[in-house]
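Engineer: what's the 3D shape of this:
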Amino acid sequence: MTHSIYLLLLGFLLAHELDAVACREWRLLYVLRSLPEAMAQPIFIALHVPLITGLVWTASASQPGGKYACVGVGVFAVIHAALHFRLRHAPQYGFHSPLSVALIGGSAACGVVYVMATLFW
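Structural biologist: Numbers count the residues shown, from 1 in each chain. Model (predicted):
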């Protein structure tokens with residue numbers, strides 16, 4: 001069951017990353033926000049290739065460290081939601097739609113459940 005929760009967590013995170021392009025999340029990131037829009041967007045998208053590769057690897061990791069990598073992704077989902085909460089009033093913040101909020105919150109909720117289930121149950 002924990003693997004199913006983890007896969008749902010990845011689904012929320014990956015859908016959020018699609019939403020992040022629509023919401024122009026690079027305008028919130030320190031290095032990218034100083035670049036021209038036409039340069040920042042493709043860099044933001046390109047950086048997701050290794051990110052998504054790593055996330056897919058964690059879902060299929062069978063070695064002992066794989067479990068801890070998944071726990072790390074779960075913890076990241078919670079921290080990520082906290083960062084979004086903190087930035088919600090920033091002028092460049094575009095994640096106000098119910099879908100955006102649900103994707104961010106859903107990944108955090110799955111992160112909490114996954115971490116708790118993996119470490120404590």
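Engineer: Please make it C-alpha for all contacts and neighbour counts, starting now.
Structural biologist: Fine.
Engineer: how about the helices in this protein?
Structural biologist: Per DSSP state H, the chain carries helices over the ranges 2-22, 37-60, 64-87, 98-120.
Engineer: now for the last one, which elements pack on it?
Structural biologist: In other words, helix 98-120. helix 2-22, helix 64-87 (3 or more CA pairs under 8 Å, 6 or more residues apart in numbering; DSSP states H and E).
Engineer: any chance of those helices in CSV, plus distance to residue 47?
Structural biologist: Output for those, formatted as CSV (distance: least, CA to CA, whole Å):
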stretch, distance to residue 47
helix 2-22, 11
helix 64-87, 17
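Engineer: circling back to that earlier point, distance to residue 31, mean neighbour count and mean pLDDT for the helices of the chain - can I get that in a markdown table?
Structural biologist: Formatted as a markdown table, these follow (distance: least, CA to CA, whole Å; neighbours: other CA atoms under 10 Å; pLDDT from 0 to 100):
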| stretch | distance to residue 31 | mean neighbour count | mean pLDDT |
| --- | --- | --- | --- |
| helix 2-22 | 16 | 18 | 96 |
| helix 37-60 | 9 | 14 | 94 |
| helix 64-87 | 16 | 17 | 93 |
| helix 98-120 | 22 | 19 | 96 |
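Engineer: okay if I get the ones you listed as CSV plus distance to residue 29?
Structural biologist: As requested, these are exported to CSV (distance: least, CA to CA, whole Å):
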stretch, distance to residue 29
helix 2-22, 12
helix 37-60, 9
helix 64-87, 11
helix 98-120, 17
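Engineer: Which of those sits closest to residue 28?
Structural biologist: helix 64-87 (8.4 Å; CA to CA).
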